[in-house]
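*Asks:* only geometry, no sequence info:
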């Protein structure tokens, strides 16, 4: 009996003193909501508060001073060409009849895509129409020219379509056999940083650019790198810009340098391959510098798409 009394006394000593029941934690009016809830729940990646109002604001048209400046610049350019010497004026006339029409055609095709006026397929139709108009302007629009153009277009389209068919089969078989998972696990096991991953991928693409065309690299090897971008937090558009600059550099780089052989085929006979390689080296240095600048300042390549498609 004494043992039971001592045990009961021990349990009473262990219990904390309670005055008026269990006290609730201090709070003013219940649980406080996050500060963002005052302006409404914002979705991920969406601006809040004044920034959201700035994004939602309507775009204002360009001021009148902008168009006045453009007009003054155009008249100044026309005046400059009007004061040229006879020799320079002849060169300008040659450019006006040869280079400028092609430039207008390229700008029409790319501009229709950039400004959302046409899809890439519809822009191809715009390019075909522009080519017909140029052929008619140069008085070369004959039945034989149209026939040869249609034949070459069908031949190129069939080649590209078979490339896509082959790449789709390769990618599907590669993924079903576990190749994609194997490559992903291998890359992740190396504990690479974002910079190291970009360097590794660009070196591999640079080496592939020696023996292969850009179509094979884009449709066969790019599906291997694209699923890894999320693991390293790389923007796909930024990665695509790096790949485009890298391929342009690889096509100029020895030991293959396919662009050099293309240039040799259209150059005069007295121009040698050594001279072509010597002329390409400074341009390669400029390309490498462009890649470094794009990596350190991504806004160089991402600013315009963000403005156009905001």
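*Replies:* Received it, and whenever you're ready, just let me know what you need. As the structure is a prediction and not an experimental result, all values here were calculated from the model.
*Asks:* When you work out contacts or count neighbours from here on, use the C-alpha atoms and nothing else.
*Replies:* Fine.
*Asks:* Can you name every helix or strand that whichever strand or helix holds residue 231 contacts?
*Replies:* In this assignment (DSSP states H and E), residue 231 forms part of helix 229-232. Here helix 229-232 touches no other helix or strand, going by 3 or more C-alpha pairs under 8 Å, 6 or more residues apart in numbering; DSSP states H and E.
*Asks:* please begin residue numbering at 37 from this point
*Replies:* Okay, residue one is now 37; in that scheme the one you just asked about reads as helix 265-268.
*Asks:* can you give me how far it is from the chain middle?
*Replies:* On the basis of C-alpha atoms, centre = their mean, to the nearest Å, helix 265-268 sits 16 Å off its chain's mean C-alpha point.
*Asks:* Give me the contacts around that helix.
*Replies:* Contacts with helix 265-268, where a contact means C-alpha atoms under 8 Å, 6 or more residues apart in numbering, come from 229, 230, 233, 271, 272.
*Asks:* following that helix, which helix or strand comes up?
*Replies:* By DSSP H and E, the next helix or strand past helix 265-268 is helix 272-286.
*Asks:* packing partners for that following helix?
*Replies:* By 3+ C-alpha pairs under 8 Å, 6+ apart, helix 272-286 packs against helix 230-244, helix 309-332, helix 335-344.
*Asks:* for the record, mean pLDDT for the helix holding residue 267?
*Replies:* Averaging pLDDT along helix 265-268 gives 87.
*Asks:* Select the longest helix from the chain.
*Replies:* helix 179-212 (DSSP state H).
*Asks:* what mean pLDDT does it have?
*Replies:* Averaging pLDDT along helix 179-212 yields 84.
*Asks:* so after that helix, what's the next helix or strand?
*Replies:* Proceeding N to C from helix 179-212, the next assigned helix or strand is helix 215-225, under DSSP H and E.
*Asks:* list the helices and strands that following helix packs on?
*Replies:* Packed next to helix 215-225, using 3+ C-alpha pairs under 8 Å, 6+ apart, is no helix or strand.
*Asks:* angle of it against helix 179-212?
*Replies:* Interaxial angle of helix 215-225 relative to helix 179-212 (axes from the mean of the first three to the mean of the last three C-alpha atoms, to 10 degrees): 70 degrees.
*Asks:* List the buried residues in helix 215-225.
*Replies:* Residues 216, 220 are the ones in helix 215-225 that count as buried (16 or more other C-alpha atoms under 10 Å).
*Asks:* Can you list the low-confidence ranges for the protein?
*Replies:* 37-96, 98, 117-118, 120-125, 345-346 (pLDDT under 70).
*Asks:* tell me the centre residue of it?
*Replies:* In the chain, the residue lying closest to the centroid (C-alpha atoms, centre = their mean) is residue 273, at 3.3 Å.
*Asks:* Quick check: nearest residue in space to that one, chain neighbours excluded?
*Replies:* Excluding its sequence neighbours, the residue lying closest to residue 273 (C-alpha to C-alpha, 6 or more residues apart in numbering) is residue 338, at 7.8 Å.
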